[in-house]
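Undergrad: Please work out how this folds:
(2 chains)
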Amino acid sequence: AQSVTQPDIHITVSEGASLELRCNYSYGATPYLFWYVQSPGQGLQLLLKYFSGDTLVQGIKGFEAEFKRSQSSFNLRKPSVHWSDAAEYFCAVLPRRGGYQKVTFGTGTKLQVIP
Amino acid sequence: NAGVTQTPKFQVLKTGQSMTLQCAQDMNHNSMYWYRQDPGMGLRLIYYSASEGTTDKGEVPNGYNVSRLNKREFSLRLESAAPSQTSVYFCASSHASKREIHSDEQFFGPGTRLTVL
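TA: Numbering: from 1, shown residues only, chains lettered A, B, ... in the order given. Model prediction:
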């Protein structure tokens, strides 16, 4: 069955430390891949997306993600976390095939940043 | 350019009451969506509309109805609210359509926090 998994429900990092949030998918062909961020009390905002080409994708707010076909992963990274990065992060996939397709969201990883 | 707007922001209902959540977008998007967000479950698609005049069920449609009033507006109705419908509801829109495949992002509204007592 097609699925997207975020194995970490909650992650705590110190301000200034590096961050990696994991995302794995299970689809027949590489889907379109997205990372969204949700600040407390807000809707989701797109951080970055992968469609094709360079497997390292740059996004807003200093985030990047690397697509690894062999691992069916699309992990989100940031070299130095800021307190304002505390939020919930969602990986999402859109099947890459004909016809109308819908996005499936992971269950989210909540990031806590400590001083 | 307001993006996606939702009303109301908060609502408390008693079991059995009805209400309509409103959503509008000003980006000329073809597709609109309604999701519910519950702790530990991510976002689950309730209904979507790929174009004006069409609606389709998503993952969790039971207990809900929708109307795509025009290209801008997509409403979600709870006819007889139940405590299990306590959730945060998000409306979203995107360029995707049934005639063209779009890999564009979805744009989200700020959400409606609904409590059913």
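
Undergrad: What strand or helix carries residue 33?
TA: Going with chain A. strand A:32-38 (DSSP states H and E).

Undergrad: ah, no, chain B please
TA: strand B:31-38.

Undergrad: Could I get the buried residue list for the next helix-or-strand element following that strand?
TA: With elements assigned by DSSP H and E, the helix or strand that comes after strand B:31-38 is strand B:42-49. By 16 or more other C-beta atoms under 10 Å in any protein chain shown, the buried positions in strand B:42-49 come out as B:42, B:43, B:44, B:45, B:46, B:47, B:48, B:49. Backbone N, C-alpha and C define where each C-beta goes, glycine included.

Undergrad: any chance of those residues in CSV, plus pLDDT and distance to chain A?
TA: What follows is the buried residues of strand B:42-49, written out as CSV (pLDDT from 0 to 100; distance: C-beta to the nearest C-beta, whole Å):
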residue, pLDDT, distance to chain A
B:42, 87, 4
B:43, 92, 4
B:44, 94, 8
B:45, 94, 6
B:46, 96, 12
B:47, 96, 11
B:48, 93, 7
B:49, 93, 11
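
Undergrad: Which other helices and strands does the strand holding residue B:33 contact?
TA: Judged by 3 or more C-beta pairs under 8 Å, 6 or more residues apart in numbering or on different chains; DSSP states H and E, strand B:31-38 is in contact with strand B:19-25, strand B:42-49, strand B:74-78, strand B:87-94.

Undergrad: try 7 Å
TA: strand B:42-49, strand B:87-94 (3 or more C-beta pairs under 7 Å, 6 or more residues apart in numbering or on different chains; DSSP states H and E).

Undergrad: picking up where we left off before, mind listing what the strand holding residue A:33 pairs with, with the direction of each?
TA: Counting by DSSP bridges, the strands paired with strand A:32-38 are strand A:44-50 (antiparallel), strand A:87-94 (antiparallel).

Undergrad: Of all the ones you listed, which one comes closest to residue B:77?
TA: Residue B:77 lies closest to strand A:44-50 among the strands paired with strand A:32-38, at 23.0 Å (C-beta to C-beta).

Undergrad: what residues does chain A put near chain B?
TA: Within chain A, the positions adjacent to chain B are A:32, A:34, A:42-44, A:46, A:49, A:51, A:90, A:94, A:98, A:100, A:102-103, A:105-108 by C-beta under 7 Å from any C-beta of the partner chain.

Undergrad: Now, of those, which are buried?
TA: Among these, the ones that count as buried by 16+ other C-beta under 10 Å are A:32, A:34, A:43-44, A:46, A:49, A:90, A:94, A:100, A:102-103, A:105-108.

Undergrad: just those: which has the poorest pLDDT?
TA: Lowest pLDDT within those is found at residue A:100 (75).

Undergrad: on that earlier part again, in the strand holding residue B:33, what counts as buried?
TA: Buried, per 16+ other C-beta under 10 Å, within strand B:31-38: B:31, B:32, B:33, B:34, B:35, B:36, B:37.

Undergrad: how near is the second one to residue B:73?
TA: Read it as residue B:32. Residue B:32 sits 8 Å away from residue B:73, going by C-beta to C-beta, to the nearest Å.

Undergrad: which residues do these two both contact?
TA: Counting by C-beta atoms under 7 Å, 6 or more residues apart in numbering or on different chains, the contacts common to residue B:32 and residue B:73 are residue B:23.
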